[in-house]
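Undergrad: following is a predicted model, sequence given first.
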Amino acid sequence: MKKRLEVIYEKLLKEYGPQGWWPISSKYHPSDYSFPKDKNEQFEIIIGALLTQNTQWTSVEKSLNNLKKLDALEPRSLLKLDDEKLKNAIRPSGYFNHKSERLKLLAEWFLKDEGIPTREDLLKLNGIGPETADSILLYAYKVPSFVVDTYTKRILMGLELIDTSFGYNEIKKLFEGTLKPDYKIFQEFHALLVEHAKELKNGKENFLLNI
């Protein structure tokens, strides 16, 4: 299994190249792992991880751009926003009533600045599930915590590495138990799987099937 996952990673990286996730201000940064460079960029990643729940990234970008126009991509500024203004700003991401409340809770939590959180700490926060928690850890704090999404599961099932009985944590352990715990590899692998899934949806031949 370890060898097969390593080969999959190498083939995806050769095909698509470094992805430069997580985008900051809608800009990707291939091969530059210095992001986030400050607390504001860290906060932008965190709220982006929450906003992307149950929606497409293009919708999240619209919400983030709206918040940027309001100078609210910073926790104190976001907390000062009128509730209706906040809801309207993030409306493109959907579920704006729930997400607006959760964004303010995240801002309050972030301002406590207690260092790198544990996964358990994040999962205790309202509205933060496993995928969001892992996204925050991996991209905002550079903790090697593998992110599993629907794209990942779909690809692994197609390669018969897992079946429908595998849950989130089982798939997560599959990666974390076989790969070097390196946040750079985890970031790239997750992003490459998403890119590959999108290409397959657009009709690209699955070059991983013969591995």
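TA: Good, I have the coordinates. Numbers count the residues shown, from 1 in each chain.

Undergrad: buried residues of the strand or helix carrying residue 106, list them for me.
TA: Residue 106 is part of helix 96-111, with elements assigned from DSSP states H and E. Residues 96, 99-100, 102-107, 109-110 are the ones in helix 96-111 that count as buried (16 or more other C-beta atoms under 10 Å). Where C-beta positions appear, they are placed from N, C-alpha and C, glycine not excepted.

Undergrad: same for the next helix or strand after it, what does it pack against?
TA: Sequence order places helix 119-123 as the next helix or strand after helix 96-111, per DSSP H and E. If you count contacts as 3 or more C-beta pairs under 8 Å, 6 or more residues apart in numbering; DSSP states H and E, helix 119-123 packs onto helix 130-135.

Undergrad: skipping adjacent residues, who's closest to the most centrally placed residue in the chain in space?
TA: In the chain, the centroid-proximal residue (C-alpha atoms, centre = their mean) is residue 135; its distance is 3.9 Å. When the adjacent residues along the chain are set aside, residue 135 lies closest to residue 49, with 4.1 Å between them (C-beta to C-beta, 6 or more residues apart in numbering).

Undergrad: now the helix or strand harbouring the one you found, how far from the chain's geometric center?
TA: Counting by DSSP H and E, the element that carries residue 49 is helix 39-51. Distance of helix 39-51 from the chain centroid (C-alpha atoms, centre = their mean, to the nearest Å) equals 10 Å.

Undergrad: from now on call the first residue 460
TA: Yep, numbering from 460; the last one is helix 498-510 now.

Undergrad: what packs against it?
TA: Checking 3+ C-beta pairs under 8 Å, 6+ apart, helix 498-510 ends up next to helix 516-528, helix 555-570, helix 589-594.

Undergrad: pLDDT on the longest helix seen in the chain, on average?
TA: Taking DSSP state H as the criterion, the chain has its longest helix at helix 642-660. When pLDDT is averaged over helix 642-660, the result is 96.

Undergrad: pLDDT of the helix holding residue 565, averaged?
TA: 97.

Undergrad: now for it, which elements pack on it?
TA: helix 498-510, helix 534-539, helix 542-549.

Undergrad: repeat the analysis, applying 10 Å as the threshold.
TA: helix 498-510, helix 516-528, helix 534-539, helix 542-549, helix 578-582 (3 or more C-beta pairs under 10 Å, 6 or more residues apart in numbering; DSSP states H and E).

Undergrad: quick one on the thing from earlier: quick one: the residue nearest to residue 594 and residue 635, what's the gap?
TA: 19 Å (C-beta to C-beta, to the nearest Å).

Undergrad: out of those two, which sits in the busier spot?
TA: residue 508 (25 against 14; other C-beta atoms under 10 Å).

Undergrad: quick one, grab the pLDDT at the more buried one.
TA: For residue 508, the predicted pLDDT is 98.

Undergrad: what sits against it?
TA: 481, 519, 565, 581, 587, 590-599, 606 (C-beta atoms under 10 Å, 6 or more residues apart in numbering).
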